[in-house]
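# pasted the sequence and its predicted model underneath.
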Amino acid sequence: MARERMTPLDASFLYLERPPMHMHVAALSVFDPATRPDGRLRFEDVRAQLAARIHLVPRLRQKVRPVPGNLALPVWVDDPRFDLDLHLSRVALPAPGGRRELTDLVGRVLSRPLDRSRPLWELTFVEGLAEGHVATLLKVHHAMIDGISGMHLAAVLWDLQPEPSPVPPAPPWRPAPEPSDLELLAEAMREMAVHPARGLADALETARRQPALAALSVGRVLSGVRSFLGMGVRPASPFDVEIGPNRRFAIAEAPLQRFKDIKDALGGTVNDVVLAAVGGALHRLLRSRGEPTRGRTVRALVPVSVRAPGDRALGNRVAPALVDIPVGPMGPKRRLAEVRRGTEHLKSSMMALSADAIISLGAYAPAGLLAAAARIVPLGPWFNLVVSNIPGPPQPMYLAGARLVASYPAMPLGRNAALSVACTSLGGTMAFGITGDREAMPDIEVLALGLEEAILELAKAAGR
């Protein structure tokens, strides 16, 4: 595969990374091997399936090469020393193999950065779970995927039926020669010479793929930016701390249909219900800490997909939006209504699309300037936590014949925002992954339990 220049947004996730601030995403996927003829799912089965399909995702065999002096954005190049086994590991949980043992393992894996000298992903096969289940923990750098492209990656590796889909054998892999620093510099200089023309071509391509974005007038873009900046400094919260490198992880889940029933009865969207449930869970967490909650809100950074329909490419097509979530004492109906007011303002203000338009201007900026901006932006007090909802296919899914039970996502933390909550709806289950700074979130299990309680409270209010 020929080398490919990173997009400004993808590169920004590389530039954001610091020793305490890992910029990988992850998915903890739990499988039930009872659907396999032999009732077992072995490490060798997973490795064989991945080896047979890796050619369908060429990025998995590519690494990042920065351009000397940051004269241009980094490039993806074939890794001539790619070795699948260096990206796979196998562990067994201690007895009894319950949630605590599993989430402790995930927290340790999330605390380690990816090796930038190799392709930016790794997969851990986990045995010894209760009920005979097994799990995989796929960790990928955010520079490679966002939530939606992560779903597309899963669709390549997983199947919609117990019998694995046949995949035509791939020809022998011959990596393209790795460019030297001199070649990268020469290529960067050539691109700089034609930068305006390339930028115009990129803009036209964006307009073709994203008519809604291209139709934004300058006035509407500026209006969205004013809405973003007009929210001001985030409210104070216990999550506003300088994070360290170590993580805690917790999980929760509920049937996806419950979220649909709630929004049908009380109004809004599934995402509104998710945000209201997070608000109810945070109320319980703050109350357990003895913190005042009356009249309080927290500000969530909510990644919004601006990916065009049918766009299945890896990489990022997300834009940031800010939503204030009420965490005071109130009934679930009122909490959902207040969340809905906030998300309706978000839609009317064009905040996310305006942010995407501004991010796209990165194509015109030198890579060194983008790197400097990525170091400065996280210092701003913009949000208290990250909340991300990643939709997935409703059908049952399988890995080498084993049925997916649930897939719990993990998102990065902000430099001074010690909590992220993410969820995926796969196979009819809304699965939440809660990632926290180890020092700031010693009671992360309280938040996970509170989340499940808040969902049940909303369902009861909806008469479900």
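Received, thanks.
# CA only for contacts and neighbour counts going forward, please
Noted.
# could you find the closest non-adjacent residue to residue 108?
residue 247 (6.8 Å; Cα to Cα, 6 or more residues apart in numbering).
# ok, what's across the strand from the one you found?
Per DSSP bridges, residues listed as beta-bridge partners of residue 247: residue 437.
# with residue 406 instead?
residue 30.
# distance check, residue 461 against residue 272.
Distance, residue 461 to residue 272, by Cα to Cα, to the nearest Å: 15 Å.
# of these two, which one has the most company?
It is residue 272, of residue 461 and residue 272, that has more neighbours when counted by other Cα atoms under 10 Å, with 24 against 15.
# so for the helix or strand the more buried one falls within, what gets flagged as buried?
Using DSSP states H and E, residue 272 sits within helix 270-288. Residues of helix 270-288 classed as buried by neighbour count (16 or more other Cα atoms under 10 Å): 270-286.
# kindly report the same for stretch 128-147.
Buried-residue list, stretch 128-147, by 16+ other Cα under 10 Å: 128-129, 133-147.
# what do you get for stretch 52-71?
52-55, 59-67, 70-71.
# so which of those sit within helices?
Those of the buried residues of stretch 52-71 mapping onto helices are 52-53, per DSSP state H.
# just the buried residues of stretch 52-71: which are in strands?
62-65 (DSSP state E).
# count the residues that sit near residue 186.
Neighbours of residue 186 using other Cα under 10 Å come to 13.
# next, it: secondary structure please.
Here residue 186 is recorded as helix under DSSP: H, G, I helix; E, B strand; the rest coil.
# just the pLDDT at it, thanks.
pLDDT, residue 186: 89.
# look up how far residue 178 lies from it.
14 Å.
# over to residue 187?
Distance from residue 187 to residue 178, by Cα to Cα: 13 Å.
# tell me which of these two has more neighbours.
residue 178 (16 against 13).
# dihedrals phi and psi, that one?
Backbone torsions of residue 178, given as degrees, to the nearest 10, read phi -80, psi 130.
# contacting residues for it?
77-80 (Cα atoms under 8 Å, 6 or more residues apart in numbering).
# now residue 459: closest residue in space, sequence neighbours ignored.
Nearest to residue 459 is residue 262, by Cα to Cα, 6+ apart, at 5.7 Å.
# I'd say residue 405 and residue 33 touch.
No: using Cα atoms under 8 Å, residue 405 makes no contact with residue 33, being 10.0 Å away.
# low-confidence ranges in this protein?
Applying pLDDT under 70 to the chain picks out residues 1-2, 146-152, 194-231, 305-319, 346-380.
# just the helices in the stretch 151-300 of the chain please.
Secondary structure of the stretch 151-300 of the chain (DSSP state H, counting those that start in this stretch): helices located at 181-193, 195-209, 211-214, 218-230, 256-266, 270-288.
# for residue 431, give the beta-bridge partners.
residue 253, residue 424.
# that one against residue 250, yeah?
No: Residue 431 is beyond contact range of residue 250, at 10.8 Å (criterion: Cα under 8 Å).
# show me the contacts for the closest residue to residue 110 other than its chain neighbours.
Distances taken as Cα to Cα, 6+ apart place residue 247 nearest to residue 110, at 6.4 Å, with adjacent residues excluded. Counting by Cα under 8 Å, 6+ apart, residue 247 touches 107-108, 110-111, 435-438.
# would you indicate which residues of stretch 412-420 are buried?
Those would be 412-420, for stretch 412-420 by 16+ other Cα under 10 Å.
# and residue 254, how close does it get to residue 430?
For residue 254, the distance to residue 430 - Cα to Cα - is 5 Å.
# those two: who's more crowded?
residue 430 (25 against 17).
# quick one: the strands in the stretch 251-400 of the chain?
Applying DSSP state E, counting those that start in this stretch to the stretch 251-400 of the chain gives strands spanning 297-305, 318-326, 385-391, 398-399.
# ok, which of those comes nearest residue 332?
Ranking those by proximity to residue 332 (Cα to Cα) places strand 318-326 first, at 10.7 Å.
# got the residue ranges for the helices in the stretch 301-450 of the chain?
Using DSSP H, counting those that start in this stretch, helices in the stretch 301-450 of the chain cover 332-349, 351-360, 367-376, 444-461.
# so which other helices or strands are in contact with the last one?
Okay, so that is helix 444-461. Here helix 444-461 touches strand 247-255, helix 256-266, helix 270-288, helix 332-349, strand 429-437, going by 3 or more Cα pairs under 8 Å, 6 or more residues apart in numbering; DSSP states H and E.
# if we go to 6 Å?
Helix 444-461 sits against helix 270-288, with contacts defined as 3 or more Cα pairs under 6 Å, 6 or more residues apart in numbering; DSSP states H and E.
# between helix 256-266 and the helix it packs on, find me the angle.
Inter-element angle recorded for helix 270-288 and helix 256-266: 100 degrees (by axes from the mean of the first three to the mean of the last three Cα atoms, to 10 degrees).
# any chance you could list what contacts helix 270-288?
With contact meaning Cα atoms under 6 Å, 6 or more residues apart in numbering, helix 270-288 is reached by 259, 325-327, 335-336, 447, 450-451, 454-455.
# and residue 42, backbone torsions?
Dihedral angles (degrees, to the nearest 10) for residue 42: phi -100, psi 160.
# just give me the neighbour total for it.
Neighbour count for residue 42, taken as other Cα under 10 Å: 13.
# got the contact list for it?
Counting by Cα under 6 Å, 6+ apart, residue 42 has no contacts.
# how far away is it from residue 135?
For residue 42, the distance to residue 135 (Cα to Cα) stands at 10 Å.
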